[in-house]
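Trainee: Let me see the structure of the following:
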Amino acid sequence: MGIFNFLNKNKSFEDSTSTPIITNIQQEKPDIPERIFIANENVSPTPEASTQQIVDNNINLLFSFLDRNHENKGYEDALVNPDVHHLNQNLDALRNELIRTVNKVKTFYEDFIKEIDYHIDSRSRSGMVDTVEELKMKKEIAENHIRKVLDIEASAINNTGDSQGILLSYAKGFRNGLAAISHHAVLKRKL
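Mentor: Residues are numbered from 1 along each chain as shown. As a prediction, the model looks like this:
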């Protein structure tokens, strides 16, 4: 029995010593940096990301501005300050924002066409006929876009065409806001 007692003592010794070690290991959690397991979105910009910033100033920027619904903004502005002078100031601000957007897009296409001209000249000297043809096609597309931008700019100056929609939607929203104020303040009262 002495041998078996010795084995039982070793087993009970292992049990008594192993429990605190496991407890200590569980209590002491290693400090693992978050970057090891989680990808950080603030990564240095890739070449694709930097070209995306350039493309954002193309004709799509102008069309997204023209397609925005300004009626809600007009409505909310009327609730804050129901003054016709405020309406006229905001319409002027919208016109100015449109002109700034047109200028951004024009500058983008003017620079892009200059860059294409350089590449056409350089690649034609190198005898790259197919590449030159593709560049000429790109230039033609850019020239068509800049003509459309110039048309929108002219219509903005004359308050006609594509630009008139944003002004009309803002004014409509503003008038709806004025009507809502009148409705809630006066028309709902029982006499």
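
Trainee: And the contacts of the helix or strand that contains L66?
Mentor: Assigned by DSSP states H and E, L66 falls within helix 59-67. For helix 59-67, contacts defined as C-beta atoms under 8 Å, 6 or more residues apart in numbering pick out 97-98, 101-102, 104-105, 109, 145, 148-149, 152, 162-163, 165-166. The C-beta positions use only the backbone N, C-alpha and C, and glycine is treated the same way.

Trainee: Between which two of those is the distance greatest?
Mentor: Greatest spacing in those, by C-beta to C-beta: Y109 and G165 (22.5 Å).

Trainee: Tell me which of these two has more neighbours.
Mentor: Y109 (23 against 14; other C-beta atoms under 10 Å).

Trainee: quick one: contacts for that one?
Mentor: Counting by C-beta under 8 Å, 6+ apart, Y109 touches N58, I59, A142, H145, I146, V149.

Trainee: okay if I get these as TSV plus neighbour count, distance to L91 and pLDDT?
Mentor: Shown next, in TSV, are those (neighbours: other C-beta atoms under 10 Å; distance: C-beta to C-beta, whole Å; pLDDT from 0 to 100):
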residue	neighbour count	distance to L91	pLDDT
N58	17	26	86
I59	18	24	90
A142	19	32	94
H145	20	27	94
I146	18	27	94
V149	21	22	93
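
Trainee: Identify, from these, the entry nearest to I157.
Mentor: Minimum distance to I157 across the contacts of Y109 is 12.9 Å, recorded for V149 (C-beta to C-beta).

Trainee: circling back to that earlier point, can you tell me which of the contacts of helix 59-67 end up in helices?
Mentor: 97-98, 101-102, 104-105, 109, 145, 148-149, 152, 165-166 (DSSP state H).

Trainee: Name the nearest of those relative to L79.
Mentor: I166 (19.8 Å).

Trainee: isn't that closest one right up against H70?
Mentor: Yes - shown here, I166 and H70 form a contact pair, counting by C-beta atoms under 8 Å, at 5.2 Å.

Trainee: Contacts only, for the nearest residue to F174 once chain neighbours are set aside.
Mentor: Closest residue in space to F174, ignoring its immediate chain neighbours: G74 at 3.8 Å, by C-beta to C-beta, 6 or more residues apart in numbering. For G74, the contact set (C-beta under 8 Å, 6+ apart) comprises L87, N90, S169, Y170, A171, K172, G173, F174, R175, N176, G177.
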